[in-house]
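J.: Need coordinates for the following:
(chains A and B)
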Amino acid sequence: MLKYLTNRVVTAFVMVLLATLVIFLIANTAPGDPALAQLGDLAASNPEFVKAFRTKWGLDLPLWERYWIFLKGVAHGDFGISIMSQRPVLDDIRDFAPATIELATVAFLLSVIVGIPLGILAAVKRDSWIDHVARFVSLIGVSAPTFWLAFVMLAVFYGWLEIAPGPGRVDPIAFLPPKVTGLLLIDCVLAGDWETLRDAAAHLVLPATVLAAATLGLITRTTRASMLESLAQDYVRVARAKGLPEWRIVLGHALRNALIPVVTLGGLAYASLLTGAVMTETVFSWPGLGRYTFRSAVAVDFPAIMAITFIVAVVYIAINFLVDMSYAFLDPRAVKR
Amino acid sequence: MSRRYRTPGTTSRREFIVGVGALGVAGLAPFPGIVQAQGRKNALLIGLDIGDSITFDPARLAQYSSPMTVHNAYDTLVTMAPGDYINLKPGLATSWEYRPDGKAIRFKIRQGAKFASGNAVTVDDVKWSIERVMNLKDQPAQYIAHVDKVEIVSPDTVDIVMKDPTQPLLTILAAPSFSILDSKFMMTQGATAAADAKEADKATAWLNSNSAGSAPWTFTAWERNQQIQLARNANYRGEKPGYERIVIRHMSESAAQLLALKRGDIDIAFNLIPEQIATLRGDPQIEIIGTPSLDFIYMAVSANAEANPALAKKANRHAIGAAIDYDGIINSLIGGSAVRPVSFLPVGVNGSTAELTKQIGFQQDLAKAKKLLADAGNPEGFSFELTYSNNAIAGVSYQNLAQKLQGDLARVGIKANLNPIDQVNLRTLFTQGKLQAVLTFWNPPAVENQLWASATVNRVAKRVHWTPPDEMMKVVDAASAERDLAKAAVLWRKYQEGMVDAANLFVLIQPTYQIAVRKSVAGFKPTAAGWMAELGATKPV
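T.: Have a look, this model is predicted:
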């Protein structure tokens, strides 16, 4: 087990290094010049200004040296200063990450809580109306473009039916609770501010539903397929022959084995929700990491791009690791092998 | 209605959330908020894309959306009234005049004005604020690089002495970067205007969420990509605004702004596109306020023979100028809400009118275009590469504009090959002079003719491989130094004629920005001077 863990950590370390190196090289091949992205026209045409800018941000150093500086910084927990916002990248990420974590987590819970039971029901009651409903829901979820779905939801529930609040995390004139975790729901509870808690929760409904749609579809389909496979196994037949109640066969015998691919998918889905909410964040004016990532990429903001790459790589690897660990629980054979 | 997004008789949000179900927050379903409804009446809510904001330190301003906040929180020495970008208005200076030797401008400073802290506005604050801009050496410092020093003459008089008095200064001082700050207070926040300010000044972080000015509003909060807040300045000398606070909400999507405006969740929407504006006409609760901007979209065509020999011939560039359907562009792409200047001086500044464009600007004339092509030895036309970014300005996407130009030029045999690229790459390649033709946008940091004109004969000229004749340079210098507006206008006309003759820059669209405002708001005055709007006289009705 120890050897297994050590192996995993070493691989993870190499993977993160590789990811940052690849992104660093790709970002540097584009002709876009960060100095021109940031400076006004007059400043950008003044060689002294451009030179000072390059020196300030280390853009005049050779590539390998810049990468080395990045690595040294990371070792000290310092990701440098964002060219775009002109303050430490970690401060930016600390500001924007909680909004995304909150949104992605609610969306993930929503897709798991709805998706897994729906998938189980669809498998158990195969070809019944509930199977058709599940198929329809997952088809819409997987195939509707996020951008489109976001607008339709906003137009229908906010603009037309007037039952959901509009874009943003809270009402424009709400007073925010003191910032502790940055997760509004939790901060509101800590501050005992129930009014804003309700407001923040209501503001989460639409974007979380939109964001959950695709994941929900995938989880439902995978659960169904996996359950169907499990239900056809010999041990299920044996359980039935023993006369066990059907719910124990489904939940106890079939589900536990059927969950392995779902957990894998769920882990990856959560990681992608955390890192890929650009569209949803844009439409819902959500002050999150997705939007920040997009803007950093457009502005060729190297320190921000590198920090985000690093964090995304770590998030994926960490979640993968947790997923692998959960196999041990779901299928003890995974560890022995 | 206790809460704007809930109308009696429709499903409540509790039902909605339960309906959506399984969210796990159903138990937290919201109820109407009485406190917030109260607050909403006292707050002016603005929807605006503030994603570009980096700083609100006046001495470091270089972005597009942040000047509105800075201008409404600080006064400058002189200012411009919305709609008049030729004659300056008093700000903290009540009068000003050039000294007899012409090397300095003498300002009489308003007496009795107070900063938000209660400190009186003094000549020391004026000197300190201008010197801080000079010594911080950030981007705004370049626009007053010709200022030598600021001298206090008496307790109500200040001289700004220039190294090069032919360079314009007054109009530049109207820009928010040259705001007058409460120096006594700012020094307690780590600010300094001393020669070492570039390293020693530590006040930018404070200025990024506070202000120390004398205008009707004080800036109280900035949450990145979320919102900006302003509160009424209790010490303002004039009539106070009718709202207690302003909340500028970051909304990067125009469709979201439209929905929020219709629902009353915001009072003013800045970034609607022409199609969305059209849906609002006839809405009894919403007024569309059009304000002619001083920004424009233009096509720059390079004369670099190595890149494209055909474009290097002036007659061929004139053929492009005669083939473009200017009116069609304005009517079809922006619904007619735009004007077109002769060249790089927008309509509305001294010496540039829409009338003048009819007299000396490019006009569509296909027969003339074909003749010009024949004269240049390209009777069958030629092809060139037109580069643009995937952005949109005032709802006009460069893509659509490029396609329209492609169609127009094809009618005389000129083939434009479209090359969409990323904005930053475009700027890099254009600045390096590597593009044959490019569609891009211009908005100056201050309303000053010289800033437009000197850009064309210096920086932009290099990008399009044009060497302006000496006479052109002399006209620009003379016009910039001329202090008599009427005489200057004559010289600016000469400059524009020279620009048309060179045929490197084709200004296509100077948009009229359309701002949608709920009729519950009075006193909102948009401006093209660079800070978007005057918010000091706003009040609920």
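J.: Burial check on the residue of the stretch 1-150 of chain A found nearest chain B, number of neighbours?
T.: Closest to chain B within the stretch 1-150 of chain A is residue A:32: 3.6 Å, counting by Cβ to the nearest Cβ. Backbone N, C-alpha and C define where each C-beta goes, glycine included. Using other Cβ atoms under 10 Å in any protein chain shown, the number of residues around residue A:32 comes to 21.
J.: Now do the same contact list for it.
T.: With contact set as Cβ atoms under 8 Å, 6 or more residues apart in numbering or on different chains, residue A:32 has these partners: A:300, B:422, B:424-425, B:427-428.
J.: quick one: it is in a helix?
T.: No. Assignment of residue A:32 by DSSP: H, G, I helix; E, B strand; the rest coil gives coil, placing it outside any helix.
J.: tally of neighbours for the closest residue in space to it that isn't next to it in sequence?
T.: What sits nearest to residue A:32 in space, not counting adjacent residues and going by Cβ to Cβ, 6 or more residues apart in numbering or on different chains, is residue B:424, at 3.6 Å. Around residue B:424 there are 21 other residues, counting by other Cβ under 10 Å.
J.: that's a helix at residue B:424, yeah?
T.: Yes. Residue B:424: assigned to a helix according to three-state DSSP.
J.: can you tell me the helix or strand for the closest residue to chain B within the stretch 151-300 of chain A?
T.: The stretch 151-300 of chain A approaches chain B most closely through residue A:198 (3.3 Å), counting by Cβ to the nearest Cβ. Assigned by DSSP states H and E, residue A:198 falls within helix A:194-231.
J.: Please point out which parts of that helix sit buried.
T.: By neighbour count with 16 or more other Cβ atoms under 10 Å in any protein chain shown, helix A:194-231 contains the buried residues A:195-228, A:230-231.
J.: quick one on the thing from earlier: list the contacts of the residue nearest to residue A:32.
T.: A:30, A:32-34, A:36-37, A:298-300.
J.: Can you add pLDDT and give those back as JSON lines?
T.: Formatted as JSON lines, the contacts of residue B:424 follow (pLDDT from 0 to 100):
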{"residue": "A:30", "pLDDT": "70"}
{"residue": "A:32", "pLDDT": "73"}
{"residue": "A:33", "pLDDT": "79"}
{"residue": "A:34", "pLDDT": "80"}
{"residue": "A:36", "pLDDT": "78"}
{"residue": "A:37", "pLDDT": "75"}
{"residue": "A:298", "pLDDT": "81"}
{"residue": "A:299", "pLDDT": "81"}
{"residue": "A:300", "pLDDT": "83"}
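J.: Just the buried ones from the residues you listed, in ChimeraX syntax?
T.: The following ChimeraX line selects those of those that are buried, judged by 16+ other Cβ under 10 Å:
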select /A:32,33,34,36,37,299,300
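J.: and the contacts of residue B:424 as JSON lines, adding distance to residue A:15?
T.: Formatted as JSON lines, those follow (distance: Cβ to Cβ, whole Å):
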{"residue": "A:30", "distance to residue A:15": "24"}
{"residue": "A:32", "distance to residue A:15": "27"}
{"residue": "A:33", "distance to residue A:15": "30"}
{"residue": "A:34", "distance to residue A:15": "27"}
{"residue": "A:36", "distance to residue A:15": "33"}
{"residue": "A:37", "distance to residue A:15": "30"}
{"residue": "A:298", "distance to residue A:15": "26"}
{"residue": "A:299", "distance to residue A:15": "27"}
{"residue": "A:300", "distance to residue A:15": "25"}
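J.: where does the stretch 1-150 of chain A come near chain B, residue by residue?
T.: A:30-34, A:36-37, A:39-46, A:49, A:84-86, A:92, A:95-96, A:106, A:109-110, A:113-114 (Cβ under 8 Å from any Cβ of the partner chain).
J.: got the residues of the stretch 301-450 of chain B near chain A?
T.: So the stretch 301-450 of chain B meets chain A at B:422-425, B:427-429, B:431, B:442, B:445 (Cβ under 8 Å from any Cβ).
J.: What is the burial count for the closest residue to residue B:286 other than its chain neighbours?
T.: In space, and not counting its chain neighbours, residue B:286 is closest to residue B:280: 5.1 Å by Cβ to Cβ, 6+ apart. For residue B:280, the count of nearby residues is 18 (other Cβ under 10 Å).
J.: for residue B:434, same thing?
T.: Residue B:434: 15 neighbours (other Cβ under 10 Å).
J.: for the one 3 residues further on, same thing?
T.: Residue neighbour count, defined by other Cβ under 10 Å, stands at 27 for residue B:437.
J.: now swap in residue B:49 and tell me
T.: With other Cβ under 10 Å as criterion, residue B:49 counts 18.
J.: Skipping adjacent residues, who's closest to residue B:325 in space?
T.: residue B:408 (4.8 Å).
J.: mind listing what's buried in the strand or helix carrying the one you found?
T.: Using DSSP H and E, residue B:408 sits in helix B:398-410. For helix B:398-410, a neighbour-count test (16+ other Cβ under 10 Å) marks B:398-399, B:401-402, B:404-405, B:408-409 as buried.
J.: Could you point out which of these is nearest to chain A?
T.: Using Cβ to the nearest Cβ, these come closest to chain A at residue B:398, 15.2 Å.
J.: my guess is the closest one meets residue B:423, correct?
T.: No. Using Cβ atoms under 8 Å, residue B:398 makes no contact with residue B:423, being 9.4 Å away.
J.: okay, and the common contacts of these two?
T.: In contact with both residue B:398 and residue B:423: B:389-391, using Cβ under 8 Å, 6+ apart.
J.: quick one: which of the residues you listed sit in helices?
T.: With DSSP state H as the criterion, helices contain none of the shared contacts of residue B:398 and residue B:423.
J.: export the residues you listed to CSV and tack on neighbour count?
T.: CSV is the format used below for the shared contacts of residue B:398 and residue B:423 (neighbours: other Cβ atoms under 10 Å in any protein chain shown):
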residue, neighbour count
B:389, 21
B:390, 12
B:391, 17
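J.: Make TSV out of these and add distance to residue B:479 and pLDDT.
T.: Below are these laid out as TSV (distance: Cβ to Cβ, whole Å; pLDDT from 0 to 100):
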residue	distance to residue B:479	pLDDT
B:389	32	90
B:390	37	84
B:391	32	84
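J.: with those in mind, which one is nearest to residue B:94?
T.: Closest approach between these and residue B:94, by Cβ to Cβ: residue B:391, at 42.4 Å.
J.: Just want to check the distance between the closest one and residue B:435.
T.: Computed as Cβ to Cβ, to the nearest Å, the residue B:391 to residue B:435 distance reads 16 Å.
J.: now swap in residue B:428 and tell me
T.: 10 Å.
J.: Those two: which is more packed in?
T.: Neighbours per residue, other Cβ under 10 Å: of residue B:428 and residue B:435, the larger number sits with residue B:435, 25 against 22.
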